[in-house]
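kindly generate the corresponding structure for this input.
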Amino acid sequence: MQKSKRILVCPLDWGLGHASRMVPVIYELINSGHQVIIGADNSPLDLLRKEFPNLEYIKFPSFSISYSQGSSQVLSMLLQLPKIFSGIKKEHLLLKKIIRDYSIDIVISDNRFGLWNKEIKTIFITHQLKIKMPAGVKIMTEPFAVLNNRFISKFSECWIPDYPGEMNLSGDLSHNIKRNASCKFIGPLSRFSYVSAICPDFNIPEPLEVLIILSGPEPQREILEKLLLSQIEKEKKNVIIVQGKTQEKIITKKENITIVPYLGSAELKYLIEKAEVIICRSGYSSIMDLVSLKKSAILIPTPGQTEQDYLAKYLSEKKMFTYSSQDSLNLSELFSVYKNINPFYNSPENNLLKDALGGQ
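Numbering: from 1, shown residues only. The predicted structure is shown next:
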């Protein structure tokens, strides 16, 4: 039997997706007899504490990014580059102290570039080896690819949460490109793979015609919520909205619409399986969760996030999802298109994650 190791798991603090896809990794580590320590902050910390209340936690701040209210984030991101690089350096230095103080053997970092260390094994998890640049700055694609690869190469290994062949979810983000030798595919990661569905403790409408799952950074999360509410009220359908607010608890109801701040994995799984139509962002973690349950959705990319734009279009072309930009959102039209989607995805059986973790 392999020796138990102290493994630090650290998701990026940009929305909830990076934390939620660490859930299956943590379950596998625990099942393998390892001691897991969570290093996170804000909403990711709240999410993982709710999922694993008995684990050890370290408040490990990640640099925060501000998003504009407009449809383009290019200028906003470029202006924040010095802040991002400074944040990467700070978390790298802080990691050295954490490794020493907590006797860490291995670090698993989900998209936190500063969490590499020369003294111990460090693993970087990402589905985005290729950075999709907006139309106005496509000239920067190659320089950013070189920079991205330079950061990733500092880690002992890079794990890609996708399948290696044609039956994949991330498309050009991690396929059809030259990859570092340390990269390995570990299969999609879904928090629903390790929990049984539990009915939430509030009245679920029959039928549950629409489930809206909100996520991502502010102010775009709130902007989409208001936009969806303004349109869904006219549809006269039974609707549940999950806001993605981990620190709030009050459930509100307005006629046929129930608004829930946050749900744990087991309760959210129950609603996804029950819902006739699902609406959410096209974040990669949301896509992996839906595919694991063989459910389709109407995807609405976060404005300015080129990765989400690409994923929505790529998976729509594969007839797995439909999508709309936030600016041109028309729910009445989308509901009619949704009926023609075939959500079935014949995902390969695999033990890629278990195989990857077996070497720890």
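
in the stretch 1-150 of the chain, which spans are strands?
Secondary structure of the stretch 1-150 of the chain (DSSP state E, counting those that start in this stretch): strands at 6-11, 35-40, 56-59, 106-110, 121-125.

could I get the ones you listed as JSON lines with mean pLDDT, mean neighbour count and distance to Gln326?
Any C-beta I mention is one placed from the backbone N, CA and C, and that applies to glycine too. Compiled in JSON lines, these are given as follows (pLDDT from 0 to 100; neighbours: other C-beta atoms under 10 Å; distance: least, C-beta to C-beta, whole Å):
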{"stretch": "strand 6-11", "mean pLDDT": "97", "mean neighbour count": "25", "distance to Gln326": "25"}
{"stretch": "strand 35-40", "mean pLDDT": "97", "mean neighbour count": "23", "distance to Gln326": "28"}
{"stretch": "strand 56-59", "mean pLDDT": "96", "mean neighbour count": "14", "distance to Gln326": "33"}
{"stretch": "strand 106-110", "mean pLDDT": "98", "mean neighbour count": "24", "distance to Gln326": "26"}
{"stretch": "strand 121-125", "mean pLDDT": "97", "mean neighbour count": "23", "distance to Gln326": "28"}
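
quick one, which of the ones you listed gets closest to Lys96.
strand 106-110 (10.9 Å; C-beta to C-beta).

packing partners of the closest one?
Applying 3 or more C-beta pairs under 8 Å, 6 or more residues apart in numbering; DSSP states H and E, we find strand 106-110 packed against strand 6-11, strand 121-125.

what's near enough to touch the closest residue in space to Lys249 that isn't next to it in sequence?
Among residues not flanking Lys249 along the chain, Pro261 sits closest, at 6.2 Å (C-beta to C-beta, 6 or more residues apart in numbering). Pro261 is in contact with 242-243, 245-251, counting by C-beta atoms under 8 Å, 6 or more residues apart in numbering.

low-confidence regions, the stretch 101-250 of the chain specifically.
Applying pLDDT under 70 to the stretch 101-250 of the chain picks out residues 135-136.

just the helices in it please.
141-152, 220-232 (DSSP state H, counting those that start in this stretch).

now the angle from the shortest one to strand 121-125?
Meaning helix 141-152. On the basis of axes from the mean of the first three to the mean of the last three C-alpha atoms, to 10 degrees, helix 141-152 is oriented at 150 degrees to strand 121-125.

who's in contact with helix 141-152?
88, 113, 124, 126, 128-133, 158, 180, 183.

same check, this time on the longest one
Contacts of helix 220-232 with the rest of the structure, by C-beta under 8 Å, 6+ apart, involve 15, 67, 69, 210, 212, 214-215, 239, 241, 243-244, 257, 279, 281, 300, 302-303, 326, 329-332.

what about 7 Å?
Residues from elsewhere that reach helix 220-232 (C-beta atoms under 7 Å, 6 or more residues apart in numbering): 67, 69, 210, 212, 214-215, 239, 243-244, 257, 279, 300, 302-303, 326, 329, 331.

got the CA positions of it in CSV?
The C-alpha coordinates for helix 220-232 follow below in CSV (Å, rounded to 0.1, in the frame of the first residue of the first chain):
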residue,chain,number,x,y,z
GLN,A,220,-21.6,39.8,-15.1
ARG,A,221,-23.3,37.2,-12.9
GLU,A,222,-25.8,39.8,-11.6
ILE,A,223,-26.3,41.3,-15.0
LEU,A,224,-27.3,37.9,-16.4
GLU,A,225,-29.6,37.2,-13.5
LYS,A,226,-31.5,40.4,-14.1
LEU,A,227,-31.7,39.8,-17.8
LEU,A,228,-33.0,36.3,-17.4
LEU,A,229,-35.6,37.4,-14.8
SER,A,230,-36.9,40.1,-17.1
GLN,A,231,-37.6,37.5,-19.8
ILE,A,232,-38.5,34.4,-17.9
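
quick one: Cys128 and Leu173 touch, right?
Heads up, residue 128 is Gln, not Cys. Yes. Using C-beta atoms under 7 Å, Gln128 is in contact with Leu173, at 4.9 Å.

looking at the two, which one has more neighbours?
Applying other C-beta atoms under 10 Å to Gln128 and Leu173 shows that Leu173 carries more neighbours, namely 23 against 16.

show the contacting residues for that one.
Leu173 touches 127-130, 307, 310, counting by C-beta under 7 Å, 6+ apart.

for those residues, give me TSV that also has distance to Leu189.
Output for the contacts of Leu173, formatted as TSV (distance: C-beta to C-beta, whole Å):
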residue	distance to Leu189
His127	9
Gln128	14
Leu129	16
Lys130	19
Glu307	16
Tyr310	19
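
most widely separated two among those residues?
Leu129 and Tyr310 (13.0 Å).

give the PyMOL command for selecting the buried subset of the contacts of helix 220-232.
A single PyMOL command suffices to select whichever of these are buried according to 16 or more other C-beta atoms under 10 Å:
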select buried, resi 67+210+212+214+215+239+243+244+257+279+300+302+303+326+329+331
